[in-house]
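S.K.: Compute the structure for the input listed below.
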Amino acid sequence: MRHDLTRARLIGVLTALGGLLLVVSTLPILRRRVENVAEAFTPFGVRVTSHVIALGAGIALLYLAGQLARRRHLAWLVALGLFVTSAVVNILRVHHDVAAAYSLVMVGLLAVSRKQFRAPGDPPTLFELLRFVPWYLLGVFAYGFAALYLERESIDPEPTFWGSVQTILYGLVGIDGPYTYQRHFFEWAFPSSLLLLGVGGMVWMLVLVFRPIVARPEANRKAWDDALRVVREHSYDTLDFFALRDDKLFFFSSDGRAMIAYTYVGRYALASGDPIGAPESIPLVVDEFLAMCRGRAWGVAFLAAREGDRQMYLDRGLHTVYLGDEAIVRCEGFSLQGKRWKSIRQSSGRVERTYRFVWMPETEASPELIAKLNDISKKWRGKAPERGFTMTLSQDVEGTNPAFFLSIALDEHGEPGGFLRVVPVFGREPGYTLDLMRRDPDTPNGMTEFLLTRTVMKLDELGYDRFSMNFAAWGRFFEEDVEYSLRQRAVKLVLDLMSPFYQIKSLKEFNQRFHPEWVPRCIVYDDFRNLPRVALLYSSAEGFLHVPVVGRYFLPRTVGHPGHPIVPPDPQIVHPRPSRPAKATADQGARGGDEGDRRSRPRSDAQGDAVGETRAERRRRRRSEQAAAVEVEPPA
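M.R.: I've put the predicted structure just below:
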């Protein structure tokens, strides 16, 4: 692979050399020094004295050189045709042996290296448009100003800055500018070249605009089924379920027992979390995925990967950088008793006086309740966009997926004040991971603590082991008893400045109140020089760089409709199996019945105590029932 890259880069450099000589030959300062060399060396039969054509051909060669260095197959075809033409033209010209030899050498190199140029074109995103427009305008204005400056002695009146701008812009749409050209060749070539640039640029921009809309890559049904199978049978990590988001593609290992969920943006394959699959197939899928990315000339990055697995990536020549820590709460025996839980106990206790906790599958929520929960989400977010790529589904409550559970705080009138949505965690330590955490801004403080603690208690009751609560970005930099290096102190200073806007430090402190286990995560990337670019792309994928209206077209989606994939409504398939028997309450032991049904569906008051109902809630409800019975009792 390195040999292929070296040869492709050599061909790119040699192509750029011809383009650079053409461009330099048009510069007044260097023109006399390189004129003789450029005249003999430059391809395509272009005379240096024809500044307009020389500059345009030079810029085209420089762009083509970059595509050749990335081993693009289309660039190879174009370059081969151009250099064959150049060789023929220069052989027919008299005393141009050097230029002909240069063209023949390039034809030979391209011919013997044809197997190295197999990289297809990039998948469509609007990032290509944003990348194209500034470079296009820069190239057009550089070309126009240079051409007018070089011909300034034969232009009437003398060119000015704004006059040149007007001439260039008018020329892109075929309108004459304020100048008269004395040289007949320039009078024909310059306006014609501007018009060609204008038409070509407009056509290409339209292609880049509409291609993301009409050519979105779509995952087929088989890919979704295979991805669901791998997640159910082999997943372990708390982020694995988010691999099933509808904006991801799936790369499967050759044995079909492992996969990588990724999306493509900005010439990078961004993998969501770690590979998922059988342990013995994980190295295989990583190697095959890296080979696929290199074959397509893509960069590669794994986002929010477990730091404990970093050696696997380092052994393959990749690099890692610390991202943050995930808070995992152990469910077994969870209790708010003890001094260290005092603040959580008090804040959640205030909410408990007016709200009761309800646990239910999302599919059993009524349309009215779903609408109210989504209204709470809108109030909570305000004008901020929904964010997430690796650690959330970024989707409202829809009531369509039986794998999701809701933790809801309902007041005495049955109105929700806040809710959580959790999704499954499979593997040897099953549980659930937090997807949505919302509360009405008008509810009392402590609502979030109330929902989180009651959810952990409920999972403990059902026999689950862990609950992934939240993620604290760069949390390691907010530890008090750590000696930081000079570079780390600089990073910490930047994070302190960013914290008020992104709640970096406050989120770490909030999570710490629940005494979680911290799971460090990192970004895996391929080249240190590309780390700033990876960070920018990661920010855009997570939604921190949001562009209104057209932003949804910047990241290709794998399906053409909103919503998450629907899994079969079989509890044995969509829900992780508890690692220990569920705790039986007194009411459950007396009534018996279908234990699995009680675990998955809240009971009404007519059936007994609501699932997850605390002692205080139970006493308050029974007092209200007794008072109601007294009111309806007939007088003696």
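S.K.: any idea which helix or strand carries Q67?
M.R.: helix 51-69 (DSSP states H and E).
S.K.: cool, S540 as well?
M.R.: Using DSSP H and E, S540 falls within helix 531-542.
S.K.: tell me what that helix is packed against?
M.R.: On a contact count with 3 or more Cβ pairs under 8 Å, 6 or more residues apart in numbering; DSSP states H and E, helix 531-542 meets strand 258-265, strand 268-272, strand 299-306, strand 517-525. Backbone N, C-alpha and C define where each C-beta goes, glycine included.
S.K.: at 7 Å instead, please
M.R.: When contacts are defined as 3 or more Cβ pairs under 7 Å, 6 or more residues apart in numbering; DSSP states H and E, helix 531-542 sits against strand 258-265, strand 268-272, strand 517-525.
S.K.: Give me the buried positions along it.
M.R.: Using 16 or more other Cβ atoms under 10 Å as the test for burial, helix 531-542 gives 533-534, 537-538, 540-542.
S.K.: Just want the angle from whichever strand or helix holds L290 to strand 517-525.
M.R.: Using DSSP H and E, L290 falls within helix 282-295. For helix 282-295 against strand 517-525, the angle by axes from the mean of the first three to the mean of the last three Cα atoms, to 10 degrees is 30 degrees.
S.K.: What is helix 282-295 packed up against?
M.R.: Secondary elements touching helix 282-295 (3+ Cβ pairs under 7 Å, 6+ apart): strand 258-265.
S.K.: Tell me the neighbouring strands of the strand it packs on, and mark each as parallel or antiparallel.
M.R.: strand 249-252 (antiparallel), strand 268-272 (antiparallel), strand 276-277 (antiparallel) (DSSP bridges).
S.K.: Tell me which residues are up against stretch 425-441.
M.R.: Stretch 425-441 is contacted by residues 231-232, 235-236, 238, 241, 331, 376-377, 379-380, 392-393, 405, 417-424, 447-448, 459, 464-470, 576-579 when judged by Cβ atoms under 7 Å, 6 or more residues apart in numbering.
S.K.: Which ChimeraX command selects the buried ones in those?
M.R.: For the buried members of the contacts of stretch 425-441, the matching ChimeraX selection, counting by 16+ other Cβ under 10 Å, is:
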select :231,232,235,236,238,241,331,376,377,392,393,405,417,418,419,420,421,422,423,424,447,448,459,464,465,466,467,468,469,470,576,578,579
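S.K.: from the contacts of stretch 425-441, which ones fall inside helices?
M.R.: The helices, defined by DSSP state H, take in 231-232, 376-377, 379-380, 447-448, 459 from the contacts of stretch 425-441.
S.K.: first vs last residue of stretch 288-307, how far apart are they?
M.R.: 21 Å (Cα to Cα, to the nearest Å).
S.K.: Strands of the stretch 401-550 of the chain, start to end?
M.R.: Taking DSSP state E, counting those that start in this stretch as the criterion, the stretch 401-550 of the chain contains strands spanning 405-411, 416-425, 431-439, 466-473, 517-525.
S.K.: now stretch 480-487: mean pLDDT?
M.R.: Mean per-residue pLDDT for stretch 480-487: 75.
S.K.: Name the surrounding residues that touch that stretch.
M.R.: K492.
S.K.: With only the CA atoms kept, save that stretch in CSV.
M.R.: C-alpha atoms of stretch 480-487 as CSV (Å, rounded to 0.1, in the frame of the first residue of the first chain):
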residue,chain,number,x,y,z
GLU,A,480,-8.2,18.6,41.3
ASP,A,481,-5.4,16.2,42.5
VAL,A,482,-3.6,15.8,39.1
GLU,A,483,-0.3,17.4,38.2
TYR,A,484,-0.8,18.8,34.7
SER,A,485,2.0,19.3,32.2
LEU,A,486,2.5,22.6,30.4
ARG,A,487,0.6,21.5,27.4
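S.K.: what's the offset of that stretch from the middle of its chain?
M.R.: Computed by Cα atoms, centre = their mean, to the nearest Å, the chain-centroid distance of stretch 480-487 equals 31 Å.
S.K.: Report the buried residues of that stretch.
M.R.: Of the residues in stretch 480-487, none count as buried by neighbour count, 16+ other Cβ under 10 Å.
S.K.: cool, and stretch 278-291?
M.R.: 278, 281-282, 284-286, 288-290.
S.K.: got JSON lines for the ones in helices among the contacts of stretch 425-441, with pLDDT and distance to F132 too?
M.R.: Converted to JSON lines, the ones in helices among the contacts of stretch 425-441 look like this (pLDDT from 0 to 100; distance: Cβ to Cβ, whole Å):
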{"residue": "V231", "pLDDT": "91", "distance to F132": "38"}
{"residue": "R232", "pLDDT": "89", "distance to F132": "42"}
{"residue": "I376", "pLDDT": "94", "distance to F132": "42"}
{"residue": "S377", "pLDDT": "91", "distance to F132": "36"}
{"residue": "K379", "pLDDT": "90", "distance to F132": "40"}
{"residue": "W380", "pLDDT": "87", "distance to F132": "38"}
{"residue": "M447", "pLDDT": "95", "distance to F132": "48"}
{"residue": "T448", "pLDDT": "94", "distance to F132": "45"}
{"residue": "L459", "pLDDT": "96", "distance to F132": "50"}
